[in-house]
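*Asks:* Show me how the following folds:
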Amino acid sequence: MTFSKSGKEQALILEYDGVEYHTKNPDIVTKHNFSQEYLDYDISRQIELESYGYRFLRLNKFNLRPEQDGEIKTDVLDRFLRKAFAVE
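*Replies:* Okay, the predicted model is just below:
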(Lines give C-alpha, C1' and ligand atoms only; values in the text may rest on other atoms or scores of the structure.)
Protein backbone atom coordinates (compact mmCIF):
# COMPACT_ATOMS: atom_id res chain seq x y z
CA MET A 1 0.00 0.00 0.00
CA THR A 2 1.35 3.43 -0.82
CA PHE A 3 0.26 6.91 0.13
CA SER A 4 1.33 10.09 -1.58
CA LYS A 5 1.58 13.36 0.29
CA SER A 6 3.01 16.48 -1.33
CA GLY A 7 4.42 14.36 -4.15
CA LYS A 8 6.30 12.03 -1.83
CA GLU A 9 5.23 8.38 -1.70
CA GLN A 10 5.23 6.45 1.55
CA ALA A 11 4.97 2.64 1.61
CA LEU A 12 3.20 0.53 4.19
CA ILE A 13 2.92 -3.22 4.52
CA LEU A 14 -0.48 -4.13 5.87
CA GLU A 15 -0.92 -7.61 7.30
CA TYR A 16 -4.08 -9.12 8.71
CA ASP A 17 -3.20 -12.04 10.96
CA GLY A 18 -5.59 -14.84 11.69
CA VAL A 19 -5.07 -15.70 15.35
CA GLU A 20 -5.16 -19.44 14.69
CA TYR A 21 -2.30 -19.24 12.16
CA HIS A 22 -0.08 -16.49 13.53
CA THR A 23 0.08 -17.07 17.29
CA LYS A 24 1.89 -19.56 19.48
CA ASN A 25 -1.17 -20.67 21.43
CA PRO A 26 -4.43 -19.48 19.84
CA ASP A 27 -6.54 -20.88 22.68
CA ILE A 28 -5.22 -18.33 25.18
CA VAL A 29 -4.99 -15.25 22.92
CA THR A 30 -7.02 -12.24 24.01
CA LYS A 31 -7.08 -8.56 23.09
CA HIS A 32 -4.67 -7.96 25.96
CA ASN A 33 -1.94 -10.46 25.06
CA PHE A 34 -2.11 -11.00 21.30
CA SER A 35 1.07 -9.04 20.57
CA GLN A 36 3.07 -11.28 22.94
CA GLU A 37 1.75 -14.44 21.28
CA TYR A 38 2.82 -13.77 17.67
CA LEU A 39 5.00 -16.44 16.08
CA ASP A 40 8.72 -15.68 16.08
CA TYR A 41 8.76 -16.10 12.29
CA ASP A 42 6.19 -13.33 11.82
CA ILE A 43 8.05 -10.94 14.12
CA SER A 44 11.40 -11.70 12.43
CA ARG A 45 9.89 -11.06 8.99
CA GLN A 46 8.38 -7.79 10.19
CA ILE A 47 11.71 -6.63 11.63
CA GLU A 48 13.50 -7.53 8.40
CA LEU A 49 11.00 -5.62 6.25
CA GLU A 50 11.18 -2.62 8.58
CA SER A 51 14.98 -2.70 8.27
CA TYR A 52 14.50 -1.98 4.54
CA GLY A 53 12.52 1.13 5.45
CA TYR A 54 8.99 -0.20 5.12
CA ARG A 55 6.35 0.71 7.66
CA PHE A 56 4.44 -2.29 8.93
CA LEU A 57 0.86 -2.40 10.22
CA ARG A 58 -0.26 -5.68 11.75
CA LEU A 59 -4.01 -6.08 12.22
CA ASN A 60 -6.12 -8.85 13.69
CA LYS A 61 -9.62 -9.45 15.00
CA PHE A 62 -8.75 -7.84 18.34
CA ASN A 63 -7.22 -4.53 17.33
CA LEU A 64 -9.60 -4.01 14.40
CA ARG A 65 -12.67 -4.34 16.61
CA PRO A 66 -14.65 -1.09 16.99
CA GLU A 67 -14.63 0.24 20.54
CA GLN A 68 -16.61 3.47 20.22
CA ASP A 69 -20.37 3.86 19.71
CA GLY A 70 -21.29 4.07 16.05
CA GLU A 71 -17.84 3.03 14.91
CA ILE A 72 -17.35 0.31 12.30
CA LYS A 73 -14.24 -1.67 11.31
CA THR A 74 -13.45 0.67 8.43
CA ASP A 75 -13.34 3.57 10.90
CA VAL A 76 -10.81 1.67 13.00
CA LEU A 77 -8.76 0.84 9.91
CA ASP A 78 -8.86 4.47 8.82
CA ARG A 79 -7.55 5.53 12.24
CA PHE A 80 -4.68 3.02 12.01
CA LEU A 81 -3.78 4.17 8.49
CA ARG A 82 -3.87 7.84 9.42
CA LYS A 83 -1.57 7.15 12.35
CA ALA A 84 0.77 5.00 10.24
CA PHE A 85 1.03 7.69 7.56
CA ALA A 86 0.80 10.56 10.06
CA VAL A 87 -2.10 12.06 8.10
CA GLU A 88 -3.99 14.88 9.72
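*Asks:* Quick check, pLDDT for Val87.
*Replies:* On pLDDT, Val87 comes in at 55.
*Asks:* Just the pLDDT at the closest residue to Lys31 other than its chain neighbours, thanks.
*Replies:* Computed as CB to CB, 6 or more residues apart in numbering, the closest residue to Lys31 that is not its neighbour in sequence is Phe62, at 3.9 Å. Using the backbone N, CA and C atoms, a C-beta is placed for each residue, glycine as well. Phe62 carries a pLDDT value of 87.
*Asks:* And Tyr21, by the same measure?
*Replies:* What the model reports as pLDDT for Tyr21 is 73.
*Asks:* so what secondary structure elements neighbour the helix or strand that contains it?
*Replies:* Here Tyr21, judged by DSSP states H and E, is contained in helix 19-22. Applying 3 or more CB pairs under 8 Å, 6 or more residues apart in numbering; DSSP states H and E, one finds that helix 19-22 contacts no other helix or strand.
*Asks:* got any ranges where this structure has weak pLDDT?
*Replies:* By pLDDT under 70, the weakly predicted segments of the chain are 87-88.
*Asks:* The chain: strands as residue ranges?
*Replies:* Using DSSP state E, the strands of the chain run over residues 2-5, 8-16, 55-59.
*Asks:* Next, the buried residues of the longest one.
*Replies:* For strand 8-16, burial by neighbour count (16 or more other CB atoms under 10 Å) applies to Gln10, Ile13.
*Asks:* go on, stretch 42-62?
*Replies:* Going by 16+ other CB under 10 Å, stretch 42-62 has these buried residues: Gln46, Arg55, Leu57, Arg58, Asn60.
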